[in-house]
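> sequence first, predicted coordinates after that:
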Amino acid sequence: QAKILNDEAEENNLALKGRWDRWHTCSLCEQDYHGVVFCALSWACWKTYLGRPETDWPRGAAMMLLGIGLGDAGRFEEALSVQEAEL
């Protein structure tokens, strides 16, 4: 039974990684997004996880991704505001 639970946990972690990768990596060519495309996807990621509790890991990671995405698109003042709020 412990092995079954361990296998399920590993599957769940892999599923979470796959779901998270979609926000920053193309599933077809496996290259990272950049520029305004990455910025748009980081906004979509933030909107997806915004309703979760502040202590929830995906919400914090989405905020971090948003800050990086804004900076990657050259929106440095907005990126700074997000990164400061993240602290």
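It's in.
> all contacts plus neighbour counts: C-alpha atoms, from now on.
OK.
> and residue 79, that's in a strand?
No: counting by DSSP: H, G, I helix; E, B strand; the rest coil, residue 79 is not part of a strand but helix.
> you'd agree it is up against residue 68?
Yes: counting by C-alpha atoms under 8 Å, residue 68 is a contact partner of residue 79 at 6.8 Å.
> low-scoring stretches of the protein, by residue?
1-18 (pLDDT under 70).
> what's the nearest residue to the most centrally placed residue in it if we skip its chain neighbours?
With distances taken as C-alpha atoms, centre = their mean, residue 62 lies nearest the centre of the chain, 4.2 Å away. Distances taken as C-alpha to C-alpha, 6 or more residues apart in numbering place residue 46 nearest to residue 62, at 4.9 Å, with adjacent residues excluded.
> next, the residue nearest to the centre of the chain: secondary structure please.
helix.
> residues in contact with it?
By C-alpha atoms under 8 Å, 6 or more residues apart in numbering, the contact set of residue 62 is 42, 45, 46, 49.
> confirm that the second one sits in a helix.
Yes: secondary structure of residue 45, determined by three-state DSSP: located in a helix.
> for it, which residues are in contact?
By C-alpha under 8 Å, 6+ apart, residue 45 lies in contact with 23, 62, 65, 66.
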